[in-house]
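Chemist: no FASTA, just this:
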Ligand code: B4P
């Protein structure tokens, strides 16, 4: 089973994905976490990626597609994969579809977390105070929201057009409350 957890910055994709992995055994692949690991290794690519992320921009499609391409086959050996933060552009979605088609797979469901923008900004500023992530400054958050509306939202229509179930889930409330809603939706999609 191949699922995507989708939503604007700070909607709780990573938070919910970790719980979905525990409960349903889907392998959690977070492109944000993979990029942060590259940054912390201090490689030349990591330095460039760090600058892009700190500005709130998306890293180039080709780079992220190569990273996912190198990890997907092993992840697909398990009961399923949950993609978190990928695809974030229509081109990434097309690249993902082609990679999966090579293995005879396709995206089975998309869970789209919905949270009002004011709450997203509060969450990210709170995370900035706790974790000090370089892309949680007010300026970078504004840019990330802009990129989300300009490039990422279109991914939902891409999958709707293909008839993939896109399940909208209310992402407000506590992480436990959100997970109850997510759990119900995955239970139905995986039947
Ligand atoms: P991500 O790591 O995906 O960052 P995010 O959108 O902020 O994450 P998420 O929605 O998972 O939020 P979280 O659960 O942590 O990407 C970071 C950057 O990497 C991007 O801006 C981009 O530059 C780059 N990137 C990643 N993938 C890319 C791609 N495919 N193409 C190009 N570039 C890419 O939750 C946020 C906060 O809210 C946390 O502090 C959490 O504790 C809190 N929270 C979660 N659920 C909550 C709840 N229910 N109530 C209150 N707080 C909650």
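Modeler: That came in fine, so what should we check first? Not measured: the values here are computed from a predicted model.
Chemist: Nearest residue to the middle of this protein?
Modeler: Centroid-nearest residue in the chain, with C-alpha atoms, centre = their mean: residue 85, separated by 1.7 Å.
Chemist: Would you confirm that that one contacts residue 11?
Modeler: No: with contact defined as C-beta atoms under 8 Å, residue 85 and residue 11 do not form a contacting pair (10.6 Å). Every C-beta, even on glycine, is put in place using the N, C-alpha and C of the backbone.
Chemist: For the residue nearest to the centre of the chain, which residues are in contact?
Modeler: If you count contacts by C-beta atoms under 8 Å, 6 or more residues apart in numbering, residue 85 has them with 13-14, 30-32.
Chemist: and with 6 Å instead?
Modeler: Going by C-beta atoms under 6 Å, 6 or more residues apart in numbering, residue 85 touches 30-32.
Chemist: Which ones, among those, also lie beside the ligand?
Modeler: Taking C-beta under 6 Å from any ligand atom, the overlap between those and the neighbourhood of the ligand is 31-32.
Chemist: Just the ones in strands from the contacts of residue 85, please.
Modeler: The subset of the contacts of residue 85 located in strands under the criterion DSSP state E comprises residue 30.
Chemist: mind checking how far the residue nearest to the centre of the chain is from residue 126?
Modeler: For residue 85, the distance to residue 126 (C-beta to C-beta, to the nearest Å) stands at 20 Å.
Chemist: related to what we said a few turns ago, looking at the contacts of residue 85, spot the one nearest residue 62.
Modeler: Looking at the contacts of residue 85 and their distance to residue 62, the nearest is residue 31, at 13.3 Å (C-beta to C-beta).
Chemist: OK, now which residue of the protein is nearest to the ligand?
Modeler: Nearest to the ligand, among the residues of the chain, is residue 32, at 1.9 Å (C-beta to the nearest ligand atom).
Chemist: Please name the nearest non-neighbouring residue to that residue.
Modeler: If you skip the residues right next to it in sequence, residue 32 has residue 85 as its closest partner in space, 4.6 Å away by C-beta to C-beta, 6 or more residues apart in numbering.
Chemist: Which stretches in this protein count as helices?
Modeler: Taking DSSP state H as the test, the helices found in the chain are 13-24, 31-41, 44-54, 61-75, 90-102, 117-131, 138-147, 154-161, 175-189.
Chemist: what's the most buried one of the ones you listed?
Modeler: Mean neighbour count (mean count of other C-beta atoms under 10 Å) peaks for helix 13-24 among the helices of the chain, with a mean of 18.
Chemist: pLDDT averaged over it, what's the number?
Modeler: Confidence for helix 13-24, expressed as mean pLDDT, is 96.
Chemist: Okay, angle between that helix and helix 175-189 too, please.
Modeler: Using axes from the mean of the first three to the mean of the last three C-alpha atoms, to 10 degrees, the inter-axis angle of helix 13-24 relative to helix 175-189 is 60 degrees.
Chemist: Lovely, talk soon.
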